[in-house]
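Visitor: 3D model of this:
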Amino acid sequence: MPSAPNAPQVTKEDQDQINAFGRLNNHYHEIQGKIKAKKKYSEDLEDASNELMLADGDIVKYSYGFVFVHMSEDTAEEKLTAAQEEVDQDITALEGELQDIRKNMDGLKTTLYSKFGNTINLEEE
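Guide: Got it, this is the predicted structure:
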């Protein structure tokens with residue numbers, strides 16, 4: 001396929017930058033999926049905590065993977081609180097990573113669009 005008469009030549013450095021953008025874009029979407037899953041888990045933890053407040057007895061069932069363990073309401077509340085703090089930290093870290101990736105992607109976009117203009121499409125999918 002012949003290139004347009006005024007189209008700039010794609011160097012190895014340009015191709016490396018285009019490939020880097022593609023990898024960053026894929027990683028960006030993976031992290032977005034992880035954040036979505038962590039937020040869902042956070043909502044589930046909040047729902048469990050609310051249900052725990054409604055519990056009447058001293059002993060409740062707490063899920064560890066595929067099994068339920070009997071424990072006191074206080075112990076279950078402590079475990080839910082610890083899990084909530086952990087998931088909140090995970091979300092914060094992932095959102096920070098997302099910002100870093102976005103900054104790198106924007107830098108690559110600026111560089112590549114300045115050289116190739118409308119002959120290149122770097123829109124995220």
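
Visitor: which other helices and strands contact the lowest-mean-pLDDT helix or strand in the chain?
Guide: When the helices and strands of the chain are compared on mean pLDDT, DSSP states H and E, strand 59-64 comes out lowest with a mean of 83. Strand 59-64 is packed against strand 67-72, helix 73-116, with contacts defined by 3 or more C-beta pairs under 8 Å, 6 or more residues apart in numbering; DSSP states H and E. Backbone N, C-alpha and C define where each C-beta goes, glycine included.

Visitor: what distance separates the longest one from the middle of the whole chain?
Guide: In this case it means helix 73-116. 6 Å (C-alpha atoms, centre = their mean, to the nearest Å).

Visitor: quick check: angle from that helix to strand 59-64?
Guide: 30 degrees (axes from the mean of the first three to the mean of the last three C-alpha atoms, to 10 degrees).

Visitor: elements contacting helix 73-116?
Guide: helix 12-54, strand 59-64.

Visitor: now the angle from it to strand 67-72?
Guide: Interaxial angle, helix 73-116 versus strand 67-72 (the same axes, to 10 degrees): 130 degrees.

Visitor: coming back round to it: so which of the helices and strands packed on strand 59-64 is the most surrounded?
Guide: Ranked by mean neighbour count under mean count of other C-beta atoms under 10 Å, those are led by helix 73-116, which reaches a mean of 14.

Visitor: for the spatially most central residue of the chain, what are its contacts?
Guide: Note on the chain: the residue nearest the mean C-alpha position is residue 31, at 2.5 Å, using C-alpha atoms, centre = their mean. Listed by C-beta atoms under 8 Å, 6 or more residues apart in numbering, the contact set of residue 31 reads 94, 97-98, 101.

Visitor: mind listing what's buried in the least confident helix or strand of the chain?
Guide: In terms of neighbour count (16 or more other C-beta atoms under 10 Å), strand 59-64 has its buried residues at 60, 62.

Visitor: can you list the strands that it pairs with?
Guide: Neighbouring strands of strand 59-64 in its sheet, by DSSP bridges, are strand 67-72 (antiparallel).

Visitor: quick one: contacts of the strand it pairs with?
Guide: By C-beta under 8 Å, 6+ apart, strand 67-72 touches 58-63, 79.
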